[in-house]
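S.K.: next input, structure requested:
(2 chains)
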2 protein chains.
Amino acid sequence: MNFKEELSKRTEEIEGIIKNYLPAETDFQKTVMEAMNYSVLAGGKRLRPMMMQETYRMFGGEGKVVEPFMAAIEMIHTYSLVHDDLPAMDNDEYRRGKKTTHAVYGEAMGILAGDALLNFAFETAVGAFDLEMDAKVGRALQILARKAGIYGMIGGQVVDVESEGQPISNEKLDFIYRLKTSALIESSMMIGAVLAGADGGEIQKMEQVARDVGLAFQIQDDILDVTSTLEVLGKPIHSDDKNQKTTYVTLKGLEQSKKDVAMISERALGTLISLEKNNLFLEELIRMLITREK
Amino acid sequence: MNFKEELSKRTEEIEGIIKNYLPAETDFQKTVMEAMNYSVLAGGKRLRPMMMQETYRMFGGEGKVVEPFMAAIEMIHTYSLVHDDLPAMDNDEYRRGKKTTHAVYGEAMGILAGDALLNFAFETAVGAFDLEMDAKVGRALQILARKAGIYGMIGGQVVDVESEGQPISNEKLDFIYRLKTSALIESSMMIGAVLAGADGGEIQKMEQVARDVGLAFQIQDDILDVTSTLEVLGKPIHSDDKNQKTTYVTLKGLEQSKKDVAMISERALGTLISLEKNNLFLEELIRMLITREK
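M.R.: Numbering: from 1, shown residues only, chains lettered A, B, ... in the order given. Next comes the predicted model:
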């Protein structure tokens, strides 16, 4: 077999490996997954993963631990192209003879798909821990990546952006708030617990606490957008209205929203207290979120 | 001490921890570091790191391993705000009473500073390996994050964007090419070597190989932008001219550039072969880069 045939065979093999790690196009945020996959699969020489694999083999590597890193490096490379092609950057409509990501999906999605690929690269790479080792730090990294990415914060942002100017169901609004706001708080509390050696049940309870805290926090945000002032808030009020966003307040009304903030916060506190770890400061902090004015 | 005093004390403590992990504002790419630091230091309640720390303490955590994760979560939170404020997204000029990042630094830098913060979050978090453990996977993650971030690819992009329409020195052009193009290739080869158990000297040599391969690859890109066609290349030619970019070709001329691609590629091959690992495929791949037409 000559080099060109060998190259083409290996490129195909690497494409197969990369595809194994691409996200399924599913759920509310599937547009960003489509945009990610469109970007990665729009072609390219796959030089970076190829070189990684070759170097791995060169030094006697035989296992599969290199594969998530191969996919990750291609995702990072791809995200950089997606952002580079944006109107504010090089403003390119075509790459490799195909429409660029923002040309197909719009500018906002181009930004988000790039972010998503960068984050997903780390999410994919830390998956290597499953193949070779386990450790608290590794688990913490996995949580960080997962909760920040398309199954967490970025996923929520995407659905949020796509929902502007449209009616939203309760279910979808919950999904947005859970991902957009709660996910990073879940990440915060879970990582704290993991690194301190908490057990699985404790970590799960902290995830519940954080989910509720995030939800209450976001609803309070919606309330303040209606009831506060520019001076107090330090940012423009009525921005949800300006952006034609359905919020908890528009769905449930102001009074019910206030009641729900209190109820959800109390539920979070109840779960927290049930752990009998006695963190009064954290309890106070959560209470503060209910009554905050900015 | 009442809760408000305690909160203010802890917020200050957390600000101190976060600041420890922010990048120094230095070197050619310092604008992005300024933009990152401006974004992170523009205020905020530091709730996420605070909650992480509290949860850590709650479960008996006492060491410093949580600190890089505290900084990381705040960086991820901040990047999401920076991108969210962009004109293509919410188009907000003010946040927390201060100008948003793109309002101060421009839209392209807003995109890049966000990317940089996201990447730097992982770069910071994987620093936790130094505090608690060591492992091949951990080392590989560190390389991935470092080479993709402000000391690698994003750093190069930033200087590239800022240099449009201006004369550039040889030194700065080398800097851009090293970071923008070589860094991810260095990452690829180094990770392959690390995961396969190569020793320090071998890893360093692969970094040299990759640096040269990246440089030759980028110069070849400049050459093709001048000599190729849209049909062959699959993307617009003369784009460097359109974007008023100084390239290797504009600095050294077409003939010298062609000679340099050959010379640098040969140097890469020489280093590779000196390792006596006998990877003919990788050698061929590098040779292909010299003669590629797209």
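S.K.: now do the helix ranked longest in chain A, average pLDDT.
M.R.: Longest helix in chain A, counting residues (DSSP state H): helix A:200-227. Across helix A:200-227, pLDDT averages out at 91.
S.K.: how about stretch A:34-41?
M.R.: On average, stretch A:34-41 scores 94.
S.K.: buried stuff in it?
M.R.: Within stretch A:34-41, the residues scored as buried using 16 or more other C-beta atoms under 10 Å in any protein chain shown are A:34-40. For the C-beta atoms, the positions are set from N, CA and C on the backbone; glycine is no exception.
S.K.: what residues of the longest helix of chain A count as buried?
M.R.: A:202-203, A:205-225.
S.K.: tally of neighbours for A:M51?
M.R.: When neighbours are counted by other C-beta atoms under 10 Å in any protein chain shown, A:M51 registers 27.
S.K.: ok, now which ones touch the nearest residue to A:A103 once chain neighbours are set aside?
M.R.: Leaving aside its sequence neighbours, A:A103 sits nearest to A:E93 (C-beta to C-beta, 6 or more residues apart in numbering or on different chains; 4.8 Å). Neighbour list for A:E93: A:99-100, A:103 [criterion: C-beta atoms under 8 Å, 6 or more residues apart in numbering or on different chains].
S.K.: most neighbours among those residues, which one is it?
M.R.: Busiest of the contacts of A:E93 [other C-beta under 10 Å] is A:T100, holding 24 neighbours.
S.K.: now it, nearest residue through space, not along the chain?
M.R.: A:D85 (4.1 Å).
S.K.: just say helix, strand or coil for A:A24.
M.R.: At A:A24 the chain is in coil, as set by DSSP: H, G, I helix; E, B strand; the rest coil.
S.K.: check it and give its pLDDT.
M.R.: A:A24 is given a pLDDT of 88.
S.K.: so where does A:N91 fall, helix or strand?
M.R.: A:N91 is part of no helix or strand, with elements assigned from DSSP states H and E.
S.K.: cool, and A:I154?
M.R.: Here A:I154 is assigned to helix A:153-163, by DSSP H and E.
S.K.: what's the answer for A:K9, then?
M.R.: Going by DSSP H and E, A:K9 is in helix A:3-21.
S.K.: quick one: neighbours of A:K30, just the number.
M.R.: 17.
S.K.: and A:A108, by the same measure?
M.R.: Neighbour count of A:A108, defined by other C-beta under 10 Å: 21.
S.K.: could you do A:G165 as well?
M.R.: Neighbour tally, A:G165, other C-beta under 10 Å: 9.
S.K.: do A:N20 as well
M.R.: So A:N20, with other C-beta under 10 Å, has 12 neighbours.
S.K.: I'd assumed A:E74 was in contact with it.
M.R.: No: applying C-beta atoms under 8 Å, one finds A:N20 not in contact with A:E74, separated by 11.8 Å.
S.K.: walk me through the domains of chain A.
M.R.: By the record's domain assignment, chain A is partitioned as A:1-163, A:168-294 (automatic domain parsing).
S.K.: export the ones you listed to JSON lines and tack on distance to B:Q53?
M.R.: Formatted as JSON lines, the domains of chain A follow (distance: least, C-beta to C-beta, whole Å):
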{"stretch": "domain A:1-163", "distance to B:Q53": "13"}
{"stretch": "domain A:168-294", "distance to B:Q53": "7"}
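S.K.: tell me which of those is the most buried.
M.R.: Most buried of the domains of chain A by mean neighbour count (mean count of other C-beta atoms under 10 Å in any protein chain shown) is domain A:1-163; its value is a mean of 21.
S.K.: now do that one: distance to the chain's middle.
M.R.: Computed by C-alpha atoms, centre = their mean, to the nearest Å, the separation of domain A:1-163 from the middle of its chain amounts to 14 Å.
S.K.: from what I see, A:L195 and B:P68 are in contact.
M.R.: No: contact status for A:L195 versus B:P68: not in contact, 10.4 Å apart, counting by C-beta under 8 Å.
S.K.: does chain B sit close to stretch A:63-76?
M.R.: Yes: with C-beta under 8 Å from any C-beta of the partner chain as the measure, stretch A:63-76 is seen reaching chain B through A:65-66, A:69, A:72-73, A:76.
S.K.: export the residues you listed to TSV and tack on pLDDT and secondary structure?
M.R.: Shown next, in TSV, are the residues of stretch A:63-76 next to chain B (pLDDT from 0 to 100; DSSP: H, G, I helix; E, B strand; the rest coil):
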residue	pLDDT	secondary structure
A:V65	74	coil
A:V66	74	helix
A:F69	80	helix
A:A72	85	helix
A:I73	81	helix
A:I76	86	helix
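S.K.: by mean pLDDT, point me to the weakest helix or strand of chain A.
M.R.: helix A:128-132 (a mean of 60; mean pLDDT, DSSP states H and E).
S.K.: rewinding a little: touching, the residue nearest to A:T100 and A:D92? I think so.
M.R.: Yes: counting by C-beta under 8 Å, A:D85 touches A:D92, with 4.4 Å between them.
S.K.: quick check: neighbours shared by those two?
M.R.: With C-beta under 8 Å, 6+ apart, A:D85 and A:D92 have common neighbours A:T100.
S.K.: assign A:N278 to helix, strand or coil.
M.R.: coil.
S.K.: confidence score at the residue nearest to A:A103?
M.R.: pLDDT, A:E93: 92.
S.K.: so what does it look like in phi/psi?
M.R.: phi -90, psi -20 (degrees, to the nearest 10).
S.K.: secondary structure class for the residue lying closest to A:A24 once chain neighbours are set aside?
M.R.: In this structure, A:A24 finds its nearest non-sequential neighbour in A:M33, 7.0 Å apart by C-beta to C-beta, 6+ apart. Three-state call for A:M33 (three-state DSSP): helix.
S.K.: residue contacts, A:P87?
M.R.: A:102, A:107, B:88.
S.K.: doesn't the first one lie inside a strand?
M.R.: In other words, A:H102. No: using three-state DSSP, the assignment for A:H102 is helix, not a strand.
S.K.: ok, it touching A:L112?
M.R.: No: with contact defined as C-beta under 8 Å, A:H102 does not reach A:L112; the gap is 10.1 Å.
S.K.: re earlier: so which of the contacts of A:P87 would you say is closest to B:D174?
M.R.: Closest approach between the contacts of A:P87 and B:D174, by C-beta to C-beta: A:H102, at 30.4 Å.
S.K.: list the contacts for the closest residue to that closest one other than its chain neighbours?
M.R.: Distances taken as C-beta to C-beta, 6+ apart place A:G110 nearest to A:H102, at 2.9 Å, with adjacent residues excluded. By C-beta under 8 Å, 6+ apart, the residues touching A:G110 are A:35, A:82-83, A:85-86, A:100-102, B:88.
S.K.: quick one: name the residues of the stretch 151-294 of chain A near chain B.
M.R.: A:153-154, A:157, A:161, A:184-185, A:187-193, A:195-198, A:202, A:206, A:210, A:213, A:234-236, A:239, A:243, A:275, A:277, A:279, A:281-282, A:284-285, A:288.
S.K.: 7 Å instead?
M.R.: A:153, A:157, A:161, A:184-185, A:187-189, A:191-193, A:195-198, A:202, A:206, A:234-236, A:243, A:277, A:279, A:281-282, A:284-285 (C-beta under 7 Å from any C-beta of the partner chain).
S.K.: can you tell me which of those end up in helices?
M.R.: A:153, A:157, A:161, A:184-185, A:187-189, A:191-193, A:195, A:202, A:206, A:281-282, A:284-285.
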